[in-house]
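Undergrad: Any chance you can model this:
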Amino acid sequence: MNEENQNAAEQQAGAQFTIQRIYTKDVSFETPNSPAIFQKEWTPEVKLDLDTRSNKLEEGVFEVVLALTVTASIGEETAFLCEIQQAGIFTIADVEEVQLAHMLGAFCPNVLFPYAREAVSNLVNRGTFPQLNLAPVNFDVLFAQYMQQRAAQEQQATADA
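TA: Coordinates of the predicted model:
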């Protein structure tokens, strides 16, 4: 094994990732047009908005928040609006800056999504609407698109300057 590969292997072996806690930070469920909406044929248009954010709590400890907003509409009327902020506290240490950004922007949201998906399903069920199972989300692709978009904006800013 050459020296470069050995250093990479040692760095990889030193990387740490631990889930300290997963919790619901905020939750909201609204049915603004009930009970009239229950009289309509259930042919909703479902819209999902996602957002992630992270902040450093202390050295090597980060909070990651996955925010989901699910809106189901029938025509112009909102059947329900479900908002959840699923959060986690993660220990991430001994990783390079690029790898840390990927972990905070894609890996941690991948960990949080099943919890948020279950919470949305439960809230919709308690609202007596038909079951809603959100499709899986590929946060790796979303993160890659975000990074490409950022690079293009930086390149444009440099070209404009």
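
Undergrad: Do I have it right that residue 77 meets residue 37?
TA: Yes - with contact defined as Cβ atoms under 8 Å, residue 77 and residue 37 form a contacting pair (6.2 Å). Backbone N, C-alpha and C define where each C-beta goes, glycine included.

Undergrad: Neighbour count for those two, which is higher?
TA: Neighbours were counted for residue 77 and for residue 37 using other Cβ atoms under 10 Å; residue 37 has more, 19 against 13.

Undergrad: separation between that one and residue 74?
TA: The gap separating residue 37 from residue 74 is 7 Å, by Cβ to Cβ, to the nearest Å.

Undergrad: same deal with residue 125?
TA: Going from residue 125 to residue 74 by Cβ to Cβ gives 18 Å.

Undergrad: Likewise for residue 90?
TA: Distance of residue 90 to residue 74, given as Cβ to Cβ: 39 Å.

Undergrad: likewise residue 81?
TA: Going from residue 81 to residue 74 by Cβ to Cβ gives 13 Å.

Undergrad: next one: residue 82
TA: Taking Cβ to Cβ as the measure, residue 82 falls 15 Å from residue 74.

Undergrad: And those two? Which one has more around it.
TA: Neighbour totals were compared for residue 82 and residue 74, and residue 82 leads with 24 against 15 (other Cβ under 10 Å).

Undergrad: So what sits opposite the more buried one in the bridge?
TA: The partner list for residue 82 in beta bridges (DSSP bridges) reads residue 29, residue 70.

Undergrad: Pull out the buried positions in the longest helix anywhere in the chain.
TA: If you go by DSSP state H, the chain has its longest helix at helix 139-160. Residues of helix 139-160 classed as buried by neighbour count (16 or more other Cβ atoms under 10 Å): 139, 143.
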